[in-house]
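Visitor: Return atomic coordinates for the entry below.
(chains A and B)
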2 protein chains.
Amino acid sequence: MNIAVAQSGGPTCAINASLVGVFKQAVKTPQIDAVFGSLNGIEGIINDQLIDLKLVIKTNEDMELLRQTPSTVLGSCRYKLPDVEEGGETYERILNCLEKHRIEAFFYIGGNDSMDTVAKLSDYLAARNSKIRVIGIPKTIDNDLPVTDHTPGFGSAAKYVAATVQEIIRDSSVYSIESVTIVEIMGRHAGWLTASTCVLRANDEIAPHLIYLPENNFTAEKFLEDIRNQMAKHKAVIIAVSEGVKLKGEENKPRVVDNFGHEYLSGIGKTLEQLVKENIGCKVRSIELNVMQRCSSHICSKTDIDEAEEIGSAGVKAALAGKTGKMMIFKRISDVPYVVTVDSVDAHDAANKEKFFPAQWLSEDGNDVKPEAVRYFLPLIQGEVKIAMKNGMPVHFKL
Amino acid sequence: MNIAVAQSGGPTCAINASLVGVFKQAVKTPQIDAVFGSLNGIEGIINDQLIDLKLVIKTNEDMELLRQTPSTVLGSCRYKLPDVEEGGETYERILNCLEKHRIEAFFYIGGNDSMDTVAKLSDYLAARNSKIRVIGIPKTIDNDLPVTDHTPGFGSAAKYVAATVQEIIRDSSVYSIESVTIVEIMGRHAGWLTASTCVLRANDEIAPHLIYLPENNFTAEKFLEDIRNQMAKHKAVIIAVSEGVKLKGEENKPRVVDNFGHEYLSGIGKTLEQLVKENIGCKVRSIELNVMQRCSSHICSKTDIDEAEEIGSAGVKAALAGKTGKMMIFKRISDVPYVVTVDSVDAHDAANKEKFFPAQWLSEDGNDVKPEAVRYFLPLIQGEVKIAMKNGMPVHFKL
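Guide: Below is the predicted model of the structure:
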């Protein structure tokens, strides 16, 4: 039998590690022959654009480099499969491609939109009595996939954000004048990544002094009051804010909308900077961590990269055991020592759904998170990958 | 005798390493007793806010942590000394503080504004026949200090920028549609840091496809033409642009001005993003590397940190040899193997002056730099500092 693997959605530092996990497990499984990589997610299956991964990943060194290379080496897509009733032709093209290349298992590494593809495609194949199995491998820096304890890619993003916010704290604290620094962090609806900045407290940082998530109500009045309270205690106030936080009254501003109907937000940091400037008048700066928070492999979490590889391998084992229409998940057994196991759930339970930051971990004041959150986040950012360097720069794997 | 040291201007990853250099050399010099740290640059001398560094830097581990801590542990300032004729009182306060604490040598770690302080203060002291010596230790991520081959702090900034732009290249290249990504890099008048992205070519990256420095003329028409030419060859076009690049016709836009009369620029990335959106209409994103490029110690250059320490130590030796009113400099003996020596020059030759990116290293087309620049930049980003971690995050030294 042959298998195929594709990567979808926004880049992370760990998607290529999951690809390595799928590939490695396939190579050591005698009944698997070719391992095809589909270019640009499911689009590569629809358009029959496959590459033989054994011809491009040739050595252990290649796999090591792939593990330390951010983003998706096979390309990505934001393609949403039509409903089966309306998109017969698309499904036929997929089936033709899979059958043509004798692909008996397809692995889709992605977020909740990709799980929509896994659910639809496995339903379609099951209805046709096809034996082809479809397995979803989770990834997203947003950590917003339901059921799984956390998602591959999140830990590396959180480690970068923690290290960078700590450096921003140092940078912001040098002058003798009062200042406010606002760090805008990714997360449209779920504030996990912004909340994760609380890990700095494990290293005796007080900052960020204020943490705002989309899960909380947020008003300009309360925001300014919070800042004034913090300025009474700290010369340089550091604020972590999710991109998805909405100022009351600003909700109806026109915003760009992508193929999945997601709003594309940007600029809450700049809006809040202006608000502070006008109402408080101190030195104020907003910083957007932008795509760096999802692609900074040079400071990835070893725990995250190792787990991403492991869950990719587990996906192959699940398919060989006959499973289909499943998303692989992590179950946390304990925080200290940190123990997780890998399992699988129905992909329908993850498709198009978001997991929000738990209400019980939000502070009553709506401007911080509780210590329980530190306990949850800390294991995910542990360990460093020894990065292979050339000419003083990390080496990336390229096709 | 006692000595004092202060840090001034914008943060870098290497200022604390220069402080370590001054401190270490002082500790092993028998005739030096106390080493005072002046809080918030020269303001700490004016206001008699000194700390005894031997009471806070107690172990070798402290020094190691200080070397890996970004920004200025003693705080900084943007204070410009008045001319001697007009600011007699300020100079008297400085002299009082220095004499009160029996400080016979003062070391100022900073950029071209700090060298203005070194020049004025040493002139003032010489005119009074004071034996107190004043030595400038260069630092700036802008690399725009004259006479010296390069400045401490620059190499670490360049290493972060190279690693990050490489990751942005991976991130930007995943979709099958055409896109333009604009990375805005610090540099008001001198484009050194933006130009340094050319080092990626040593690792077989073609991008950045376009590099724009303030040293070049820049028009919207030529910019759009350059992009169209690159889009014919590359699906994802990556552009590095200095924050100081000015669109013709936009030069007179009102801008914030700081104490030194510097314009505070921001937003050329956003302006260009809008320009591409309106005129080309493809997917476009601008990314500001913001303060991260000056404080990301987690990926600092070992060469830079070692040299920053070395030039700090050399400053102490120069003062002991009776020098005053000098800025320490690097002289490059050769690129391969990389050899530099440390020397000193009159601080007046560096004060308030900027060194621009050499015209002969600019491409004729005004949108790139020549291979000679790669040869200059590469040695400065070599080597990694083994960063001490705790709970998965770098450990910072704090007072």
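
Visitor: rest of the way, CA atoms for contacts and neighbours
Guide: Noted.

Visitor: Please, which helix or strand holds A:Leu55?
Guide: Here A:Leu55 sits within helix A:53-56, counting by DSSP states H and E.

Visitor: Would you mind listing the buried residues in the very next helix or strand once past that helix?
Guide: Downstream of helix A:53-56, the first helix or strand assigned by DSSP H and E is helix A:60-67. Of the residues in helix A:60-67, A:63-67 count as buried by neighbour count, 16 or more other CA atoms under 10 Å in any protein chain shown.

Visitor: Run through the residues of the stretch 101-250 of chain A sitting next to chain B.
Guide: Proximity of the stretch 101-250 of chain A to chain B, by CA under 8 Å from any CA of the partner chain, involves residues A:159, A:162-164, A:167-168, A:170-171, A:173-176, A:200, A:202-203.

Visitor: How many residues are close by the residue of the stretch 201-350 of chain A found nearest chain B?
Guide: Chain B sits closest to A:Cys295 of the stretch 201-350 of chain A, with a gap of 5.8 Å, by CA to the nearest CA. A:Cys295 has 32 neighbours, counted by other CA atoms under 10 Å in any protein chain shown.

Visitor: Same question for the one 4 residues further on.
Guide: Taking other CA under 10 Å as the criterion, the count of residues near A:Ile299 is 24.

Visitor: and the nearest residue to it once chain neighbours are set aside, what helix or strand is that in?
Guide: For A:Ile299, ignoring the flanking residues on the chain, the nearest one in space by CA to CA, 6 or more residues apart in numbering or on different chains is A:Tyr160 at 6.0 Å. Using DSSP H and E, A:Tyr160 falls within helix A:154-172.

Visitor: could you give me the average pLDDT of the very next helix or strand once past that helix?
Guide: Once the chain leaves helix A:154-172, the next helix or strand it forms, by DSSP H and E, is strand A:179-185. In this model, strand A:179-185 has a mean pLDDT of 98.

Visitor: what's next to strand A:179-185, contact-wise?
Guide: For strand A:179-185, contacts defined as CA atoms under 8 Å, 6 or more residues apart in numbering or on different chains pick out A:165, A:172, A:193-194, A:235-243, A:268-269, A:272-273, A:282-290.

Visitor: just checking, which of those belong to helices?
Guide: Per DSSP state H, helices hold the following members of these: A:165, A:172, A:193-194, A:268-269, A:272-273.

Visitor: Let's have the residues you listed in CSV, adding neighbour count and pLDDT.
Guide: Formatted as CSV, those follow (neighbours: other CA atoms under 10 Å in any protein chain shown; pLDDT from 0 to 100):
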residue, neighbour count, pLDDT
A:Val165, 24, 98
A:Ser172, 24, 96
A:Leu193, 29, 98
A:Thr194, 26, 98
A:Ile268, 22, 91
A:Gly269, 24, 92
A:Leu272, 21, 94
A:Glu273, 19, 93
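
Visitor: Quick check: closest non-adjacent residue to A:Leu171.
Guide: Let me fix one detail, which is that residue A:171 is Asp and not Leu. Counting by CA to CA, 6+ apart, B:Ser71 is the residue found nearest to A:Asp171 once chain neighbours are left out, at 5.3 Å.

Visitor: which residues does that neighbour contact?
Guide: Counting by CA under 8 Å, 6+ apart, B:Ser71 has contacts A:167, A:170-171, A:174, B:10-16, B:295.

Visitor: go on, A:Lys323?
Guide: Counting by CA under 8 Å, 6+ apart, A:Lys323 touches A:133-135.

Visitor: How about A:Gly244?
Guide: A:186-191, A:213-214, A:265, A:268.

Visitor: rerun that using 6 Å as the cut-off
Guide: Applying CA atoms under 6 Å, 6 or more residues apart in numbering or on different chains to A:Gly244 gives the contacts A:187-189, A:214.

Visitor: now do A:Leu145
Guide: A:354-355.

Visitor: what helix or strand does it sit in?
Guide: Counting by DSSP H and E, A:Leu145 is part of no helix or strand.

Visitor: Please report the distance of it from chain B.
Guide: For A:Leu145, the distance to chain B equals 22 Å [CA to the nearest CA, to the nearest Å].

Visitor: Dihedrals phi and psi, that residue?
Guide: Here is the backbone geometry of A:Leu145 (degrees, to the nearest 10): phi -80, psi 130.

Visitor: Setting the sequence-adjacent residues aside, check what's closest to the most far-flung residue of chain A relative to its centre.
Guide: Note on chain A: the largest C-alpha distance from the chain mean falls to A:Ser176, namely 38.1 Å (CA atoms, centre = their mean). Leaving aside its chain neighbours, A:Ser176 sits nearest to B:Asn40 (6.7 Å; criterion: CA to CA, 6+ apart).

Visitor: Could you do A:Pro82 as well?
Guide: A:Thr90 (7.9 Å).

Visitor: you'd agree that neighbour is in a strand?
Guide: No: A:Thr90: not assigned to a strand; according to DSSP: H, G, I helix; E, B strand; the rest coil it is helix.

Visitor: pLDDT score assigned to it?
Guide: pLDDT for A:Thr90: 97.
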